[in-house]
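Undergrad: sequence and predicted structure, then a few things I'm wondering about:
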Amino acid sequence: MTTTDMSPRTTRHLRMLGWSAAALLLATPAIAMLAGADGVNWSAGDFIFAGVMFGVVGGLFELAARASANLAYRAAVVLAVACAFLQIWINLAVGIIGSEDNPANATYFVVVLVAIAAASVAAGKARGMARAMIVVLAVQLLFTAAHLVQGHFTAVIDLFFASLWLLSSRLFARAADEIAAKAQA
């Protein structure tokens with residue numbers, strides 16, 4: 001089995017690109033407000049919250065970059081973090097089930113909390129992270145079924161999130177296999 005590790009140079013460039021993208025995303029609403037765009041009215045609190053969210057995402061990517069040079073591992077982290085970020089961001093912005101005030105939306109926060117707990121138990125090890133993502137996938141699917149039973153037709157977005165957890169799990173498993181093969185070589 002061949003392993004695919006990222007070079008330090010590629011890692012450095014991707015890190016710079018990631019932080020630049022976060023800064024650009026954070027600046028976009030400010031620029032839109034200065035230009036007088038309708039519907040863009042962020043408060044200082046909105047900018048602080050977005051900055052914290054982008055900082056956490058960037059920090060997790062930094063941890064992944066330090067944890068492994070393996071491309072599959074890093075891709076798995078990107079998918080898992082993106083899935084968690086999207087569930088939080090969409091939920092807080094407009095709500096996934098009805099408005100952001102609908103109590104059923106709490107299920108998405110529970111999924112993210114399970115992901116955090118499972119990843120903590122796995123201690124960032126690729127094989128453990130693969131199992132952790134399967135646990136999160138199971139919780140996501142359980143809530144998908146509960147949403148359908150309750151008459152919330154969120155199956156499309158729920159299955160999208162579930163597919164990200166599944167793909168992340170498969171990538172972590174691949175990374176674990178590649179890391180083990182590299183250690184034996």
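TA: Received, thanks.
Undergrad: skipping its backbone neighbours, what lies nearest the residue nearest to the spatial centre of the chain in space?
TA: Per Cα atoms, centre = their mean, the C-alpha nearest to the average position across the chain is that of Val81, at 1.9 Å. Among residues not flanking Val81 along the chain, Leu60 sits closest, at 5.0 Å (Cβ to Cβ, 6 or more residues apart in numbering). Every residue, glycine included, has its C-beta placed from N, CA and C.
Undergrad: from the middle of its chain, how far away would the host helix or strand of the one you found be?
TA: Assigned by DSSP states H and E, Leu60 belongs to helix 44-67. In terms of Cα atoms, centre = their mean, to the nearest Å, the centre of helix 44-67 is found 11 Å from the chain centre.
Undergrad: coming back round to it: tell me how far the residue nearest to the centre of the chain lies from Ala44.
TA: Distance of Val81 to Ala44, given as Cβ to Cβ, to the nearest Å: 26 Å.
Undergrad: pLDDT of the helix holding Leu60, averaged?
TA: Averaged over helix 44-67, pLDDT sits at 81.
Undergrad: again, but for stretch 156-174
TA: For stretch 156-174, the per-residue pLDDT averages 98.
Undergrad: contact partners of it?
TA: Outside stretch 156-174, the residues within contact range by Cβ atoms under 8 Å, 6 or more residues apart in numbering are 72-73, 75-77, 79-80, 82-83, 86-87, 96, 111, 115, 126-127, 129-134, 136-137, 140-141, 143-144, 147.
Undergrad: go on, stretch 16-36?
TA: Residues contacting stretch 16-36 (Cβ under 8 Å, 6+ apart): 40-42, 46-47, 50-51, 54-55, 57-58, 61.
Undergrad: could you turn the buried ones of the residues you listed into a PyMOL selection?
TA: Burial among the contacts of stretch 16-36 is assessed by 16 or more other Cβ atoms under 10 Å; the matching PyMOL selection reads:
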select buried, resi 50+54+57+58+61
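Undergrad: and the contacts of stretch 16-36, which two are furthest apart?
TA: Greatest spatial distance among those (Cβ to Cβ): Asn41 and Phe61, at 29.8 Å.
Undergrad: now the helices for the chain?
TA: Ranges of helices in the chain, per DSSP state H, are 8-34, 44-67, 71-93, 106-122, 126-149, 155-184.
Undergrad: show me how far the fifth one is from its chain's centre.
TA: Looking back up the chat, that one is helix 126-149. In terms of Cα atoms, centre = their mean, the centre of helix 126-149 is found 14 Å from the chain centre.
Undergrad: the nearest residue to Gly51 once chain neighbours are set aside and Asp46, how far apart?
TA: Distance criterion Cβ to Cβ, 6+ apart; nearest residue to Gly51, sequence neighbours excluded, is Leu26 at 5.9 Å. Leu26 sits 10 Å away from Asp46, taking Cβ to Cβ as the criterion.
Undergrad: now Ala122
TA: Applying Cβ to Cβ to Ala122 and Asp46 gives a distance of 33 Å.
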